[in-house]
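Enquirer: Sequence and predicted structure, then a few things I'm wondering about:
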Amino acid sequence: MNKTNLQPTIDHGYLVHIAIKSYNLSDSKEFYSNCIGATVFRELNDRVTFGILNIQLVTHLTKHHDLTKTPSFYPNHFGLTFLSQDRIEAMYDKSLAYNIKSIYSKLDYRFKGRQDEHMTFSLIDPSHNFIEFKYYTKLKFPF
């Protein structure tokens with residue numbers, strides 16, 4: 001199994017539904033399919049629906065706005081928390097290979113030495129949505 005395999009699953013009996021903006025559905029489809037590894041489930045004129053593990057991610061076509069403005073990470077982001085270090089490292093390597101311009105913040109540690117210390121990096125999609133990836137180095141799940 002590929003360490004970045006994010007094939008949809010319903011092992012937990014539910015899907016988490018996240019809806020985000022898209023200024024160009026073709027760009028969103030290419031980014032989430034090829035960089036993230038999401039599976040396209042449904043394409044309509046105004047949205048593309050993806051599966052990522054137990055997440056149903058819907059990119060909704062939105063009127064274009066000025067993408068030259070500096071986007072803000074907080075509070076506008078969503079993400080995945082990996083349960084092993086090798087999975088986050090594989091995802092980071094895949095993201096680097098995809099397109100360096102998609103990397104918003106490089107793989108690094110936050111809260112070093114604390115109980116909530118974690119490795120993290122973030123991407124920015126073509127519509128300026130942020131995706132954060134984490135791996136907690138000390139916490140054991142579930143917490």
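Expert: Yep, it's here.

Enquirer: in stretch 18-26, what's buried?
Expert: Applying a neighbour-count criterion of 16 or more other Cβ atoms under 10 Å, the buried positions in stretch 18-26 are 20, 21, 22, 23, 25. No exception for glycine: its C-beta is placed from N, CA and C like everyone else's.

Enquirer: so where is this protein shaky, pLDDT-wise?
Expert: 1-14, 66-68, 75, 141-143 (pLDDT under 70).

Enquirer: which secondary structure elements does the longest helix seen in the chain contact?
Expert: In the chain, ranked by residue count with DSSP state H as the criterion, the top helix is helix 85-98. Applying 3 or more Cβ pairs under 8 Å, 6 or more residues apart in numbering; DSSP states H and E, we find helix 85-98 packed against strand 77-82, strand 103-110, strand 118-124, strand 130-136.

Enquirer: Of those, which is nearest residue 40?
Expert: Checking the helices and strands packed on helix 85-98 against residue 40 by Cβ to Cβ gives strand 130-136 as the closest, at 16.7 Å.

Enquirer: contact partners of that closest one?
Expert: 36, 71, 73, 76-85, 87-88, 91-92, 104, 116-125 (Cβ atoms under 8 Å, 6 or more residues apart in numbering).

Enquirer: roughly how far is that strand from the heart of the chain?
Expert: For strand 130-136, the gap between its own C-alpha mean and the chain's C-alpha mean amounts to 8 Å (Cα atoms, centre = their mean, to the nearest Å).

Enquirer: No further questions, thank you.
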